[in-house]
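Q: Sharing a model prediction with you, sequence too.
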Amino acid sequence: MVDKSISQEAINREHWLKEEEHLAQRIQQAINPGGEQANTRLAEQGKRPVRELIQALTDPDSEFFELGIIAGFGMDYPGGVRDVPCAGLVTGLGKIHGNWSMIFANDSRVKAGTYFPITLKKHMRAQAIAEQVGLNCVYIADSGGAFLPMQADVFPDDGHFGSMFYNMARMSAMGLKQITLSTGGNTAGGAYIVFMADEAAMVANLAYSFLGGPPLVKAAIGEEVDAEALGGAEVHAHLSGGADHICQDQLAGIRKVREILSQEPQQRLHSQRWEAIPPAVDEEKIYELLPAGIHQAIDVRSIIECFADGVGLQEYKRDYAPGRGDKIVTGKIRIKGIPVGVVAANNSGIIFVEAARKATEFIIRCSLERMPLLFVQNSPGYMVGSEAEHRGIGKYGADMVRAVSNAQVPRLQLVIGPDNGAANYGMCGRAYRPHFLFSTMRARTSVMSGRSAAEVLLSLERRKRKSKGQEMTEKEAASFRDELLKKYELEAHPFYCGARLFNDRVLFLGEIRHSLALALEVSLLKPVPGSTFGNFRF
C-alpha cells in the first residue's frame, strides 16, 4: 500500500539519492582498483597512486574535473578480462599555473597500464576535447603498451594505437604543448608517448622507454640487456636525447612539468561573463522535480531554473503552436555568468514538426550570434504516423540535424531522460561531436525505448514463425518480450553507456550547474568561429 502522506517530491528525492549511491560505489571501484594491496605494491615500487600525482601537478585548491570515470566496466574482453576499471587511464581537466590543461595518467594498477580498446577510446576522446577547445596536454606515462591478446583490436586501424601519436604530432603543430612525464615502464608503442612529446622528463631508476624490451631484444638479436641499461632515464637523458630531463622521483618530475608550463600565456574567455547569480530555486530542488519514472513527463522550465542563473530564461517563441511547438523549449540563460542558448525537450519530449522548426531556427540564430548551445535531452524521438509524415516531420527533423551538424559554436548536451532514435541526433548526441556530453542517472540512451523495441521485434518473430507454420504462445511471447526489455534496460542504462564512453561523465544531480559552467568556460577558451549552413528544405 502506498503511503499517501509521503509527497511525490519526497519519493523522487529518495529514489535519485539511492540511484546516486550506486553511482558513488561505481566511482569508488574505478578510482581504487585492487584496493590497499595494489597501493602497497605501488609504494614498494616507489610510486604513488596517479590521482595523488595529478593533485600535486594541478594548482593548490583547484579542481581536477575527471572525465570517463566509470569507463571500462563489463567489457568482457578475451582472456577473462571482464572489467578494466576507469579504462586503466585517468583523464580530465586541471589548472596548471592558472591555465586549463588536459591531463592523462596511466594507472599501472590496472593490467600494468596496458591499452585495451576502451583505453584507446578514452585516451583519444580526451585528445579530441583538448584539440577542440585548445588545451595543452600532460601525459603521466606508465604503460606496458598494447594489450597483446587483442592486437587486431588495438594496433592496425585508424583510431587504434598509432592515432594517439598522430594526434600528439598534430596538436603540437597547432601550438598545443605535449608534455610527458614517464614515471614507469613505456614499452613498444607506449614509448612514443615519451618520444613524441614536445618536452619529456623521466624518473631515475623508475622510468624506462624502449621500442623492444629485454625479452624481445634477446629473441631478435641475441643481446642480453636489462631494462635500465636498454632504455632507462639516464640512457635517454644523457645518451639518446629521447628525454629532456631526468628527475630523482615522481614528485620532482611533477615539479619539472609545472616548471615547463610556467611560461605559458594566460588563457582568457572569449565571451562576455556577467556576475554569477544563484539560481531562482535551490539547486537541490532538482532531486524533487525529476520524476522517478523515466518516461514520465517533465516541466523542463522548472529543471532549467535549478541550474540557470536567477536572471531567468529569456524564452524564444514560447507561445508558438501550443501543444506542439512547446515540446521543445528554446531561449537564453546564463550559467555562472556565461550566456548560453538552451534547447530543451519538454513535457513528454516527443518532437513535433513545429518544435523541430522552432529548434532549427533558434540553433541558427545562436550560431550567427556565436553563442554556445546547451541541449537538454529528454526526448523519446520525433513524432510518427501518417499525419506527422505528411506534415514533413522527416524533412524538418533533418533540418534540425543539419543545423546541429554545422553549428560551430561550443555545444554541450545534458541527458536527463529518454534519449532515443533520431532525437539523439537532433539534440546533439555523441555522433554530432558536442564539446562535452553529460548524462544523469535518469538518462536512457538507445535506438528506441525497450517497450517499443520489444513490440516491433515480437511482431517480426510472430511473422517469422507463422511463415513456418508455427504459432507463438502467449507464454512464449511474454518471455520474448521480457528478455528484450531486460536487454534494452541494460544497454540504455548510464552505467552501460558510461562504461563505453557514450558520455563524458555521469553527473550527480547536485553537480549539474557547476559541471555545465566549467564545461562552458573551457569550451570558450578559443575564439568562436562563424557558422555556415547547407541547404534547408523549407
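A: That came in fine, so what should we check first? Here the structure is a predicted model, which means the values were calculated and not measured.

Q: Could you pull up phi and psi at Cys247?
A: Cys247 adopts backbone torsions of phi -120, psi 150, taken as degrees, to the nearest 10.

Q: Any idea what it is bridged to?
A: Judged by DSSP bridges, the bridge partners of Cys247 are Val203.

Q: Next, the contact list for the nearest residue to Ala407 once chain neighbours are set aside, please.
A: Excluding the flanking residues, the one nearest Ala407 by Cβ to Cβ, 6 or more residues apart in numbering is Ser367, at 4.4 Å. Just so you know, the C-beta spots here come from the backbone N, C-alpha and C atoms, and that holds for glycine as well. By Cβ atoms under 8 Å, 6 or more residues apart in numbering, Ser367 lies in contact with Leu373, Ala403, Asn406, Ala407, Gln408, Val409, Ser531, Phe533.

Q: swap in Val415?
A: Gln377, Asn378, Leu437, Phe438, Ser439, Thr440, Ala443, Thr445, Asn503 are the contacts of Val415 under Cβ under 8 Å, 6+ apart.

Q: three-state assignment of it?
A: strand (DSSP: H, G, I helix; E, B strand; the rest coil).

Q: partners of it in the sheet?
A: Here Val415, judged by DSSP bridges, has bridge partners Gln377, Ser439.

Q: what's the pLDDT at it?
A: At Val415, the model reports a pLDDT of 98.

Q: Then the one 10 residues further on?
A: Here, the pLDDT recorded for Tyr425 equals 97.

Q: Please settle this for me: is it part of a helix?
A: Yes: looking at Tyr425 with three-state DSSP, it is inside a helix.

Q: Now do the end-to-end distance for stretch 78-94.
A: End-to-end distance of stretch 78-94 (Cα to Cα, to the nearest Å): 34 Å.

Q: whoops, stretch 42-57 was the one
A: 19 Å.

Q: Check stretch 101-113 too.
A: Stretch 101-113: ends 22 Å apart by Cα to Cα.

Q: returning to what we had before: export the contacts of Val415 as a markdown table, with columns for distance to Ala71, neighbour count and pLDDT.
A: Putting the contacts of Val415 into a markdown table (distance: Cβ to Cβ, whole Å; neighbours: other Cβ atoms under 10 Å; pLDDT from 0 to 100) gives the following:
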| residue | distance to Ala71 | neighbour count | pLDDT |
| --- | --- | --- | --- |
| Gln377 | 20 | 26 | 98 |
| Asn378 | 24 | 28 | 97 |
| Leu437 | 13 | 26 | 98 |
| Phe438 | 14 | 21 | 98 |
| Ser439 | 13 | 24 | 98 |
| Thr440 | 17 | 23 | 98 |
| Ala443 | 16 | 25 | 97 |
| Thr445 | 15 | 22 | 96 |
| Asn503 | 10 | 28 | 98 |
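
Q: quick one: which of those is nearest to Gln127?
A: Leu437 (15.9 Å; Cβ to Cβ).

Q: give me every residue that touches that closest one.
A: Applying Cβ under 8 Å, 6+ apart, the residues near Leu437 are Leu412, Gln413, Val415, Gly429, Arg430, Phe502, Asn503, Asp504.

Q: cool, and Ser7?
A: Per Cβ under 8 Å, 6+ apart, neighbours of Ser7: none.

Q: Likewise for the one 3 residues further on?
A: When contacts are counted by Cβ under 8 Å, 6+ apart, Ala10 is found next to Glu288.

Q: What are the contacting residues of stretch 245-265?
A: So stretch 245-265 is contacted by 46-48, 53, 56-57, 96-97, 99, 101, 136, 138, 177, 179, 181, 183, 199-204, 206, 233-234, 237-238 (Cβ under 8 Å, 6+ apart).

Q: Can I get the buried part of those as one ChimeraX selection?
A: Buried residues within the contacts of stretch 245-265, by 16 or more other Cβ atoms under 10 Å, are selected in ChimeraX with:
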select :47,48,53,56,57,96,99,101,136,138,177,179,181,183,199,200,201,202,203,204,206,233,234,237
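
Q: on that earlier part again, just name the closest of the contacts of Leu437 to Gln266, please.
A: Gln266 has its nearest neighbour among those in Leu412, at 24.0 Å by Cβ to Cβ.

Q: quick one: the closest one and Leu524 touch, right?
A: No: checked against Cβ atoms under 8 Å, the pair Leu412 and Leu524 is beyond contact range at 11.1 Å.

Q: Give me the common contacts of the two.
A: Pro372.

Q: re earlier: can you list the contacts of Val415 in JSON lines and add distance to Arg334?
A: Formatted as JSON lines, those follow (distance: Cβ to Cβ, whole Å):
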{"residue": "Gln377", "distance to Arg334": "21"}
{"residue": "Asn378", "distance to Arg334": "21"}
{"residue": "Leu437", "distance to Arg334": "21"}
{"residue": "Phe438", "distance to Arg334": "18"}
{"residue": "Ser439", "distance to Arg334": "23"}
{"residue": "Thr440", "distance to Arg334": "21"}
{"residue": "Ala443", "distance to Arg334": "24"}
{"residue": "Thr445", "distance to Arg334": "28"}
{"residue": "Asn503", "distance to Arg334": "24"}
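
Q: quick one: which of those residues is nearest Asp142?
A: Asn503 (26.6 Å).

Q: quick one: Ala388 from Gln29, how far?
A: 44 Å (Cβ to Cβ, to the nearest Å).

Q: Same question for Ile298.
A: For Ile298, the distance to Gln29 - Cβ to Cβ - is 31 Å.

Q: more crowded one of those two?
A: Using other Cβ atoms under 10 Å as the criterion, Ile298 and Gln29 rank with Ile298 on top: 21 against 16.

Q: Please name the nearest non-neighbouring residue to that one.
A: Among residues not flanking Ile298 along the chain, Asn378 sits closest, at 5.7 Å (Cβ to Cβ, 6+ apart).

Q: Looks like the one you found contacts Val300 (just checking).
A: Yes: in this structure, Asn378 is within contact of Val300 by Cβ under 8 Å, at 6.5 Å.

Q: Mind listing the shared neighbours of the two?
A: By Cβ under 8 Å, 6+ apart, the residues touching both Asn378 and Val300 are Ala344, Ala345, Asn346.

Q: what's across from the second one in the sheet?
A: Looking back up the chat, that one is Ala345. Counting by DSSP bridges, the residues bridging with Ala345 are Ile328.

Q: quick one: buried residues of the strand or helix carrying Glu489?
A: Glu489 is located in helix 474-492, with elements delineated by DSSP states H and E. Residues of helix 474-492 classed as buried: Phe480, Arg481, Leu484, Tyr488, Ala492 (neighbour count, 16+ other Cβ under 10 Å).

Q: Contacts for it next, please.
A: Contacts for helix 474-492 (Cβ under 8 Å, 6+ apart): 419, 444-446, 449-451, 453-455, 457-458, 461-462, 472, 496.

Q: Stretch 281-292 now?
A: Contacts for stretch 281-292 (Cβ under 8 Å, 6+ apart): 8-13, 15-17, 297-299, 302-303, 305-307, 416, 440, 442, 509-510, 512-513.

Q: now with 6 Å?
A: Residues outside stretch 281-292 that contact it (Cβ atoms under 6 Å, 6 or more residues apart in numbering) are 9, 12-13, 15-16, 302-303, 305-306, 442, 509-510, 513.
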